[in-house]
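Q: please find the sequence and the predicted model below.
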Amino acid sequence: MNEKNVLKELEDIVGKDFASNRSEDLYIYSQDPGASVPRPADFVVMPNTPKEVQEIIKLANREKVPIVPMGGGLTLSGLVIPVKGGIVMDMKRMNKILEVNELSRFALVEAGVTSGQLLAYLNENHPRLQPPIPDAPPSVTIAGNALIHGSGYLSQKFGDHGAMINGLEVVLPDGELYKLGSCAVSDYWFTRGPIPDFIGLFISSFGTIGIITKLSIKLFPKPKMRDIVFGLCKEPNVLPELISNITFTDVAEDILLGIQDKPDWMKGYTFIIVYITGETEEELNNKRKILKKMYRKGKSRYMKVPKRIEDIFLEKPQFAAKAADFRKGGGFEYVGAFIPLQLIPEIIQIGTDISLKHGIVPTLGARLIGQGHAAMFFISYSFNRADPKDMKNAREALHETNKAVLEIGGIPWKAEVAGQQLILEKMDPNYKKLLKSIKNLLDPNGIMNPGNWDVK
Ligand SMILES: Cc1cc2nc3c(=O)[nH]c(=O)nc-3n(C[C@H](O)[C@H](O)[C@H](O)COP(=O)(O)OP(=O)(O)OC[C@H]3O[C@@H](n4cnc5c(N)ncnc54)[C@H](O)[C@@H]3O)c2cc1C
């Protein structure tokens, strides 16, 4: 690669202001806020159109320069750190909301549209609709989140956000633009089928297959009223059945669990946080009654909390998005683990034991996905970003947790490179073979976010 020529070509494609190899610009693109070790990027580029994305990929493919697509860069697990150097493609300039279809309930957006932007746009222009967004900072992108099987306040009822994608426009390493989903056949980006569904290939592949330039995301009716009913449980073994029973009734919009040793009064309990929605106060009241009864029957109890706390939990995105800097040095990263419900007690034990072993205050939580089909459990480890030893300690705790999660039958979510290797080790050999064949076919020069999903 001739660095000067590559920079000149990038500048010719996007303009001088939007391509750089200056160290002060690259610094921020060589790391993320999680515990991963930084790796130097060689270039950053910010395209404005699909055409520019095509030109950049053609250049990268010709010069065999790695290319890493980036949305908000906030997964925390290092997924946009350029493991093998190369070009970080920051998608934030492609930030147009192209269409909102009220009747068929989808939004067609460019890949750089953020969750805060879409939420604000809908609140102002389509107040009856709500988007599937995570409880992450509002600068994360709709694409980045949906493309990693993200989850949020609609996921218990409707599934993870990967399932919310109706259609994609992608650029593959050959530089061609592909439309996937109903948009390949119709002007309406309203569904994934009924044609062979390739969209799944792009979800949780962490930018290793192609670059998404547009996506259609499902929208949902916004209920008039929303409230929260807290429960408290001392015995983790009763949780799988209790949670499953709650999902049977269809009263819950969103179900979260919280398990933390700090503040002291939280230690030893699982907090069950159920969001209910409705059109009338009467409907909410009925749901409150049903839940209180279920808590009692499930060896747990209803908990009344001050209104001030309720209000914090009712914000969108929820309070977790602001909790990033809760400790000196501000760092945290979590193993997100997709697990079947029966593993809840085991994973609480694993997370608590590993935290204590590493001298970290146990901080665990979960969100139900798809009405009881799975739980996304997060086991969070805090660290001081200014202390390399503390970061190493957190990395070790994360790695041990990934291993333990896989051993009991769960699957780490948005796993960092080391976690991906653990998953690959356990993966059915033919699944692995298929993944390798697809990657080799679509990306023969291995330019797409190399180092990730690196099938040996
Ligand atoms: C405080 C906090 C709270 C959080 N809470 C939640 C939560 O409730 N739910 C949740 O799901 N997540 C949560 N997260 C995790 C994460 O921030 C979100 O999932 C976020 O939406 C990821 O989006 P992003 O734009 O930052 O993605 P990025 O980190 O930019 O990208 C994610 C992956 O997708 C790839 N990618 C991005 N854009 C493209 C593209 N255009 N084409 C191809 N590949 C692409 C990247 O290469 C990378 O592999 C939280 C994070 C924090 C810091």
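A: In hand now; what should we look at?

Q: how about the worst-scoring helix or strand of the chain on mean pLDDT and the ligand, touching?
A: Taking mean pLDDT, DSSP states H and E as the measure, the chain has helix 307-314 as its least confident helix or strand, at a mean of 82. No - under the criterion of CB under 6 Å from any ligand atom, helix 307-314 makes no contact with the ligand; the nearest approach is 13.1 Å. In short, each C-beta sits where N, CA and C put it, glycine included.

Q: what's the neighbour count on A374?
A: 24 (other CB atoms under 10 Å).

Q: ok, now which ones touch it?
A: Counting by CB atoms under 8 Å, 6 or more residues apart in numbering, A374 touches F338, I339, P340, L341, L368.

Q: of these, closest to the ligand?
A: Closest approach between the contacts of A374 and the ligand, by CB to the nearest ligand atom: F338, at 11.5 Å.

Q: coming back round to it: just the CA atoms of the least confident helix or strand of the chain, as PDB, please.
A: Only the C-alpha atoms of helix 307-314 are listed here, as PDB (Å, rounded to 0.1, in the frame of the first residue of the first chain):
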ATOM      1  CA  LYS A 307     -41.800   8.400  42.300                       C
ATOM      2  CA  ARG A 308     -38.400  10.000  41.700                       C
ATOM      3  CA  ILE A 309     -36.900   6.500  41.100                       C
ATOM      4  CA  GLU A 310     -39.900   5.500  38.900                       C
ATOM      5  CA  ASP A 311     -39.400   8.600  36.800                       C
ATOM      6  CA  ILE A 312     -35.700   7.700  36.200                       C
ATOM      7  CA  PHE A 313     -36.600   4.200  35.100                       C
ATOM      8  CA  LEU A 314     -39.300   5.400  32.800                       C
END
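
Q: contacts for it?
A: Residues external to helix 307-314 that are found in contact with it (CB under 8 Å, 6+ apart): R226, D227, I228, I273, Y275, F319.

Q: my read is the third one is in a strand, agree?
A: Yes - in this structure, I228 lies within a strand as judged by DSSP: H, G, I helix; E, B strand; the rest coil.

Q: beta partners for it?
A: For I228, the residues forming beta bridges with it (DSSP bridges) are Y275.

Q: on that earlier part again, chain center to the least confident helix or strand of the chain: distance?
A: Relative to the centre of its chain, helix 307-314 is centred 24 Å away, using CA atoms, centre = their mean, to the nearest Å.

Q: so which bits of that helix are buried?
A: F313 (16 or more other CB atoms under 10 Å).

Q: tell me which helix or strand comes right after that helix.
A: Beyond helix 307-314 in the direction of the C-terminus, DSSP states H and E gives the next helix or strand as strand 330-339.

Q: who does the helix or strand harbouring E241 touch, helix- and strand-wise?
A: Element membership for E241 (DSSP H and E) is helix 239-249. Using 3 or more CB pairs under 8 Å, 6 or more residues apart in numbering; DSSP states H and E as the contact criterion, the secondary-structure elements in contact with helix 239-249 are strand 254-260, strand 270-278, helix 281-297, helix 344-357.

Q: closest to the ligand out of these?
A: Nearest of the helices and strands packed on helix 239-249 to the ligand, taken as CB to the nearest ligand atom: strand 254-260 at 9.5 Å.

Q: skipping adjacent residues, who's closest to the closest residue to the ligand within the chain in space?
A: Checking the chain residue by residue against the ligand with CB to the nearest ligand atom singles out G144 as nearest, at 2.3 Å. Once flanking residues are discounted, G144 sits nearest to G71: 2.9 Å by CB to CB, 6 or more residues apart in numbering.

Q: quick check: residues of the protein near the ligand?
A: By the rule CB under 6 Å from any ligand atom, the part of the chain lying against the ligand is 68-76, 79-80, 91, 111, 134-137, 140-141, 143-145, 147-148, 150-152, 206-207, 211-212, 320-321, 324, 449.

Q: now, which of these lie within helices?
A: In helices, defined here by DSSP state H, the members of the residues of the chain next to the ligand are A143, G144, N145.

Q: can you select the buried ones among those for me in ChimeraX?
A: Command for ChimeraX that selects the buried part of these, burial taken from 16+ other CB under 10 Å:
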select :143,144,145
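
Q: redo the ones in helices among the residues of the chain next to the ligand as a markdown table? Include pLDDT.
A: Below are these laid out as a markdown table (pLDDT from 0 to 100):
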| residue | pLDDT |
| --- | --- |
| A143 | 98 |
| G144 | 98 |
| N145 | 98 |
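
Q: out of the ones in helices among the residues of the chain next to the ligand, which one sits closest to K392?
A: Comparing those against K392 with CB to CB places G144 closest, at 26.9 Å.

Q: so what's the closest one up against?
A: Contacts were defined as CB under 8 Å, 6+ apart; by that measure G144 touches M70, G71, G72, G73, L74, T75.

Q: ok, 10 Å please
A: Listed by CB atoms under 10 Å, 6 or more residues apart in numbering, the contact partners of G144 are 69-75, 79-80, 91, 111-112, 114-115, 134, 136, 150, 207, 212.

Q: please apply the same query to Q130.
A: By CB under 10 Å, 6+ apart, the contact set of Q130 is 105, 118-119, 122-123, 152-154, 219-223, 316.

Q: run the last query once more with 8 Å
A: The neighbours of Q130, taking CB under 8 Å, 6+ apart as the test, are L119, L122, L154, L219, F220, P221, K222.

Q: how about a markdown table for the contacts of helix 307-314, with neighbour count, distance to V305 and pLDDT added?
A: Rendered in a markdown table, the data for the contacts of helix 307-314 read as follows (neighbours: other CB atoms under 10 Å; distance: CB to CB, whole Å; pLDDT from 0 to 100):
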| residue | neighbour count | distance to V305 | pLDDT |
| --- | --- | --- | --- |
| R226 | 16 | 16 | 94 |
| D227 | 18 | 12 | 94 |
| I228 | 18 | 8 | 94 |
| I273 | 21 | 10 | 94 |
| Y275 | 21 | 14 | 96 |
| F319 | 13 | 13 | 62 |
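
Q: farthest-apart pair in those, please.
A: D227 and F319 (16.0 Å).

Q: where are the low-confidence patches of this structure?
A: Segments of the chain classed as low confidence (criterion: pLDDT under 70) are 318-327.

Q: skipping its backbone neighbours, what lies nearest the residue nearest the centre of it in space?
A: For the chain, the residue whose C-alpha lies nearest the mean C-alpha position (CA atoms, centre = their mean) is G150; its distance is 3.2 Å. The spatial neighbour of G150 that comes closest, neighbours along the chain excluded (CB to CB, 6+ apart), is H161 at 4.4 Å.

Q: now K222. Its backbone dihedrals?
A: K222 has phi and psi values of phi -100, psi 120 when expressed as degrees, to the nearest 10.

Q: who does the closest residue in space to it that isn't next to it in sequence form a beta bridge with?
A: Nearest residue to K222, sequence neighbours excluded (CB to CB, 6+ apart): Q130, at 4.2 Å. Judged by DSSP bridges, the bridge partners of Q130 are F220.
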